[in-house]
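> Kindly generate the corresponding structure for this input.
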Amino acid sequence: MRVAIVINTSWNIWNFRRNLVRALQAAGHEVLAIAPPDDYSARLETELGCRYVPIPMENKGTNPVKDAALTRRFYQIYRRERPDVILHYTIKPNIYGTIAAKLAGIPCANNVSGLGTVFIVQNMVSKVALGLYRFAFQFPKRVFFQNDDDRQLFLQHKLLRKEITDLVPGSGIDVDKFRPDPAAPVRHEPFTFLMIARVLYEKGVEEYFEAARQVRQAVPGTRIQLLGGIDESGGVGVKRAVFEEWMKAGNVEYLGTSDDVPAHIRQADCVVLPSYREGTPKTLLEAAALGKPLVTTDVPGCRETVVDGDNGYLCQVRSSGDLAAKMLRVLGLPDAELRRMGQASRRLAETKFDERLVLDKYLRTVAEIGRR
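Predicted coordinates for the structure are as follows:
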């Protein structure tokens, strides 16, 4: 069968769905990668061996004229390429791609990888988005959620039928590729915290900077790092001028972006994500598989990655004080306890988030809805 994977960036396919592409190919399917062009588009063809189909797409905003044009572009591509099954990811493909797939008569499965600001900020845009979800989600054959809180929220708002829903542990993690380094020190000198996220308010980056100030005030010299791109678009990102003002305090070391995130995780003692809500954060799964203690917020998507007190600590959302307290608690652990927490993270990755669980569900779904 010809299977199309449709996401809002080629980078997203390369970073999060690469092994899904390979699994589909190994099962004998031809894979189309449909996404806006970026630096990773060519690699989808040259290194993954799938055919890349570009589509212009603005990831932010809800301009009805532009969104109608996007639906038309999806429809034209689907009619031309004639995939047997379409797998949609991220908000705009999930909504407008699904409508186009229905018009083109092609079955699809969707993945709700996170709710963005739709359920976090209640305004007219979120009301419109809910209406669009309710209309579009009549049509997919299957909708995967990355945590049960998100699934229940969609069901409570009557956005879809329960019988087409299913759960997957995020995009999963390749536990064979991501393994702890047995030669790594239990504790680096100085002790190092790492947050990996785009510089968005909803990721808790403002709380992270304030917590960094408190931690370094309590334990001077502690190293606190941030890895992720600055994104000023859509009104949800931290303005560069504001970010640079925060940086002047000298409490956080900004690492920019990287193609080798695991290398940065290996150099950290604890990975932190104070997000307001997630699907299931890939960075926390990678950190768990690499045997790192975690500190994250007690919110949907994040709480699934931490058994509080076992492989890390949960903190209150939007509370820099509680975040700092939990970071200090990790910092103060004796080496034996720090090692035990890292080992608990690894076990959780192996038993709950193994990527093979996700790939098996997708292969079964493609086979099932493709036959229909």
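> Please make it C-alpha for all contacts and neighbour counts, starting now.
Fine.
> so where is the stretch 251-372 of the chain shaky, pLDDT-wise?
372 (pLDDT under 70).
> Stretch 17-33: end-to-end distance?
10 Å (CA to CA, to the nearest Å).
> how about it: buried residues?
Residues of stretch 17-33 classed as buried by neighbour count (16 or more other CA atoms under 10 Å): 17, 19-25, 29-33.
> now stretch 256-263
So for stretch 256-263, counting by 16+ other CA under 10 Å, buried means residue 262.
> CA-only coordinates of it in CSV, if you can.
Provided in CSV are the C-alpha atoms of stretch 256-263 (Å, rounded to 0.1, in the frame of the first residue of the first chain):
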residue,chain,number,x,y,z
GLY,A,256,20.6,27.4,21.0
THR,A,257,19.5,24.4,18.9
SER,A,258,21.2,21.1,18.1
ASP,A,259,21.0,18.1,15.8
ASP,A,260,22.4,15.9,18.6
VAL,A,261,20.1,16.4,21.6
PRO,A,262,21.2,13.1,23.3
ALA,A,263,24.7,14.4,23.6
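> Quick one: mark the members of the buried residues of stretch 17-33 that sit in helices.
Among these, the residues falling in helices (DSSP state H) are 19-25.
> Return the distance of the host helix or strand of residue 11 from the chain's centre.
Using DSSP states H and E, residue 11 falls within helix 10-16. Mean-position distance between helix 10-16 and its chain equals 11 Å (CA atoms, centre = their mean, to the nearest Å).
> Residue ranges in the stretch 51-200 of the chain under the pLDDT threshold?
60-62, 116-123.
> what ranges do the strands span in it?
51-54, 85-89, 108-112, 142-145, 165-167, 192-196 (DSSP state E, counting those that start in this stretch).
> can you put those in CSV and add mean neighbour count and distance to residue 299?
Below are the strands of the stretch 51-200 of the chain laid out as CSV (neighbours: other CA atoms under 10 Å; distance: least, CA to CA, whole Å):
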stretch, mean neighbour count, distance to residue 299
strand 51-54, 18, 35
strand 85-89, 25, 22
strand 108-112, 25, 16
strand 142-145, 23, 15
strand 165-167, 17, 17
strand 192-196, 24, 17
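> Please convert the ones you listed to a markdown table, extending it with distance to residue 347.
Below are the strands of the stretch 51-200 of the chain laid out as a markdown table (distance: least, CA to CA, whole Å):
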| stretch | distance to residue 347 |
| --- | --- |
| strand 51-54 | 37 |
| strand 85-89 | 28 |
| strand 108-112 | 26 |
| strand 142-145 | 23 |
| strand 165-167 | 20 |
| strand 192-196 | 21 |
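> among the ones you listed, which is nearest residue 176?
Across the strands of the stretch 51-200 of the chain, residue 176 has its closest neighbour in strand 192-196 (21.7 Å, CA to CA).
> Can you tell me what sits against the closest one?
Under the criterion CA atoms under 8 Å, 6 or more residues apart in numbering, residues 222-228, 265, 267-273, 283 lie in contact with strand 192-196.
> Output it as CSV, nothing but the C-alphas.
Taking C-alpha atoms only, strand 192-196 is exported to CSV below (Å, rounded to 0.1, in the frame of the first residue of the first chain):
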residue,chain,number,x,y,z
THR,A,192,23.8,20.3,35.6
PHE,A,193,20.1,20.8,34.9
LEU,A,194,18.8,20.8,31.3
MET,A,195,15.5,22.0,29.8
ILE,A,196,14.8,21.1,26.2
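> tell me how far the helix or strand that it is followed by is from the chain's mean position?
Per DSSP H and E, strand 192-196 leads on to helix 205-218 as the next helix or strand towards the C-terminus. With CA atoms, centre = their mean as the basis, helix 205-218 stands 24 Å off its chain's centre.
> Pull out the buried residues from helix 205-218.
For helix 205-218, using 16+ other CA under 10 Å, the buried residues are 205-216.
> And the residues you listed, which is closest to residue 328?
Among the buried residues of helix 205-218, and counting by CA to CA, the member closest to residue 328 is residue 215, at 6.4 Å.
> looking at it, that closest one is touching residue 221, isn't it?
No. Residue 215 is beyond contact range of residue 221, at 9.4 Å (criterion: CA atoms under 8 Å).
> Tabulate the buried residues of helix 205-218 (CSV), appending distance to residue 332 and pLDDT.
Shown next, in CSV, are the buried residues of helix 205-218 (distance: CA to CA, whole Å; pLDDT from 0 to 100):
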residue, distance to residue 332, pLDDT
205, 23, 97
206, 24, 97
207, 21, 98
208, 18, 98
209, 20, 98
210, 19, 98
211, 16, 98
212, 15, 98
213, 17, 98
214, 14, 98
215, 11, 98
216, 13, 98
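> From the residues you listed, pick the one nearest residue 337.
residue 215 (19.9 Å).
> Contacts only, for the residue lying closest to that closest one once chain neighbours are set aside.
In this structure, residue 215 finds its nearest non-sequential neighbour in residue 324, 5.9 Å apart by CA to CA, 6 or more residues apart in numbering. Residue 324 makes contact with 211-212, 214-215, according to CA under 8 Å, 6+ apart.
> Quick check: which element contains residue 324?
With DSSP H and E as the test, residue 324 turns up in helix 320-331.
> Before I go, just wanted to say thanks for your time.
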